[in-house]
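K.L.:
requesting a structural model of the entry that follows:
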Amino acid sequence: AIFLLSPDMEFPGSGVEKLSTINYKDMFFQYKKMLIMKWDTRRIKNIMASTNNHVFGAAKLSTLDPAGGEDFQRRSIE
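P.N.:
Numbering: from 1, shown residues only. Below you'll find the predicted structure:
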């Protein structure tokens, strides 16, 4: 939620935005650490399921069907 409510318009390479002085880089690594440490808890599993559904839920099975596309596995590398 902090990312949505922040007045910042970009994320600089340093990870600290000038306007809000929020250290996004540190926040990301703390969040990642928490996810890894609590990966098997029901709450984290629910968060990840919700995130995966939001990010990948729009994918259609037909777009994943190799019959409709090119088979890159059989292409020889030159």
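
K.L.:
tell me how far Ile22 lies from Val55.
P.N.:
Using Cβ to Cβ, to the nearest Å, Ile22 is found at 23 Å from Val55. Glycine gets a C-beta too; all of them are placed from N, C-alpha and C.

K.L.:
between the two, which is the more surrounded one?
P.N.:
Ile22 (17 against 9; other Cβ atoms under 10 Å).

K.L.:
mind listing what Val16 touches?
P.N.:
Contacts here follow Cβ atoms under 8 Å, 6 or more residues apart in numbering; on that basis Val16 touches Ile22, Asn23, Tyr24, Lys25.

K.L.:
could you list which of these belong to helices?
P.N.:
With DSSP state H as the criterion, helices contain Tyr24, Lys25 from among those.

K.L.:
what is the nearest of the contacts of Val16 to Ile47?
P.N.:
Distance from Ile47 was checked for each of these by Cβ to Cβ. The minimum falls on Tyr24, at 19.1 Å.

K.L.:
circling back to that earlier point, buried ones among the contacts of Val16?
P.N.:
A residue is treated as buried here by neighbour count (16 or more other Cβ atoms under 10 Å); on that basis the buried members of these are Ile22, Tyr24.

K.L.:
now pLDDT and distance to Thr51 too, for the contacts of Val16, in JSON lines please.
P.N.:
Converted to JSON lines, the contacts of Val16 look like this (pLDDT from 0 to 100; distance: Cβ to Cβ, whole Å):
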{"residue": "Ile22", "pLDDT": "83", "distance to Thr51": "21"}
{"residue": "Asn23", "pLDDT": "84", "distance to Thr51": "22"}
{"residue": "Tyr24", "pLDDT": "84", "distance to Thr51": "18"}
{"residue": "Lys25", "pLDDT": "87", "distance to Thr51": "20"}
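
K.L.:
quick one: which of the contacts of Val16 is nearest Gly15?
P.N.:
Where those are concerned, and distances follow Cβ to Cβ, Gly15 has its nearest neighbour in Lys25, at 2.4 Å.

K.L.:
wait, which of the contacts of Val16 is closest to Lys33?
P.N.:
Within the contacts of Val16, proximity to Lys33 (Cβ to Cβ) peaks at Lys25, which comes in at 12.8 Å.
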